[in-house]
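Asker: Here is the input, now give the coordinates:
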Amino acid sequence: MPLLPAIELETKAHPDSTVIWLHGLGADGSDFAPIVPELHLPAGLAVRFIFPHAPAMPVTINGGFVMPAWYDIVDMTIERKVDIAGLMASAEQINAFVSRELERGIDSKRIVIAGFSQGGAVAYQVALSHPKPLGGLLAMSTYFATAGIIAYSAANLAIPIKIQHGTDDPVVPEQLGRKATTQLAAKGYSVSYENYPMEHAVCPQQIGDISRWLQLQFSLGV
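Answerer: Numbers count the residues shown, from 1 in each chain. As a prediction, this is how the structure comes out:
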């Protein structure tokens with residue numbers, strides 16, 4: 001499978017860890033690339049950040065306007081009508097990035113999947129169903145779209161999961177972030193949940209929390 005176009009940034013030569021970070025609807029990989037220096041990771045931590053660009057497609061709720069999207073959104077009540085086929089296709093495209101990182105010599109336990117909003121829905125599917133143990137799942141301002149149909153992977157029952165959400169999010173209500181936390185905790189996953197006084201965005205306090213979490217995951221070794 002050809003890889004999607006993507007932005008790659010390395011904090012140090014010869015990285016031994018990878019973060020694959022998925023943007024939201026209508027954005028592209030450049031949306032989150034500027035966050036890398038803001039994380040202020042330790043100089044000794046060698047991480048490759050990959051920011052794939054979603055393919056352009058017509059989006060129903062936007063009148064069929066063509067824009068970058070991981071899957072179509074057909075209803076404003078986003079959790080009710082999900083383009084499952086499109087989401088699964090995007091998940092496979094992200095799995096191709098995971099496979100490429102394995103080929104590059106990155107241990108699967110040092111690969112973190114991160115996603116914001118629509119990208120977060122894909123991140124849930126990728127991380128929780130992947131056949132190899134991954135290093136972590138970061139879900140920001142998003143929802144667990146495939147909760148009812150996902151084939152959970154036994155390899156990732158112990159994956160570290162961080163869910164973050166804005167308390168005033170008008171796009172993806174915070175209750176959906178809390179719902180995902182409850183669903184996963186009920187299945188025995190270890191989930192940390194954080195909220196912030198913001199709308200559908202990322203804030204400085206959150207970036208600091210993400211940095212500390214990434215450092216924790218990558219300091220544990222394999």
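Asker: count of neighbours near Pro204?
Answerer: Look at Pro204: counted by other Cβ atoms under 10 Å, it has 9 neighbours. C-beta coordinates here come from the backbone N, C-alpha and C atoms, glycine included.
Asker: Return the distance of the nearest residue to it once chain neighbours are set aside relative to Gln215.
Answerer: Spatial nearest neighbour of Pro204, chain neighbours left out: Glu38 (7.9 Å); criterion: Cβ to Cβ, 6 or more residues apart in numbering. Using Cβ to Cβ, to the nearest Å, we find Glu38 at a distance of 14 Å from Gln215.
Asker: Could you report the pLDDT at the residue lying farthest from the centre of the chain?
Answerer: Most distant from the centre of the chain: Gly63, at 26.3 Å, with distances by Cα atoms, centre = their mean. pLDDT for Gly63: 90.
Asker: How much space separates Arg104 from Ser219?
Answerer: Counting by Cβ to Cβ - Arg104 and Ser219 are separated by 21 Å.
Asker: Same check on Thr142?
Answerer: Thr142 is 26 Å from Ser219, by Cβ to Cβ.
Asker: out of the two, which sits in the busier spot?
Answerer: Counted by other Cβ under 10 Å, Thr142 and Ser219 do not tie: Thr142 has more neighbours, with 28 against 10.
Asker: pretty sure that one contacts Gln125?
Answerer: No. At 11.2 Å, Thr142 does not count as touching Gln125 under the criterion of Cβ atoms under 8 Å.
Asker: is it true that the residue nearest to Pro204 touches Gln206?
Answerer: No. Glu38 lies out of contact with Gln206 (Cβ under 8 Å); the separation is 10.5 Å.
Asker: distance between the longest helix that the chain contains and the chain's centre?
Answerer: As assigned by DSSP state H, the longest helix anywhere in the chain is helix 84-103. Averaging C-alpha positions (Cα atoms, centre = their mean, to the nearest Å) puts helix 84-103 12 Å from its chain's average.
Asker: which strands and helices sit next to it?
Answerer: strand 17-22, strand 47-52, strand 111-116, helix 118-129 (3 or more Cβ pairs under 8 Å, 6 or more residues apart in numbering; DSSP states H and E).
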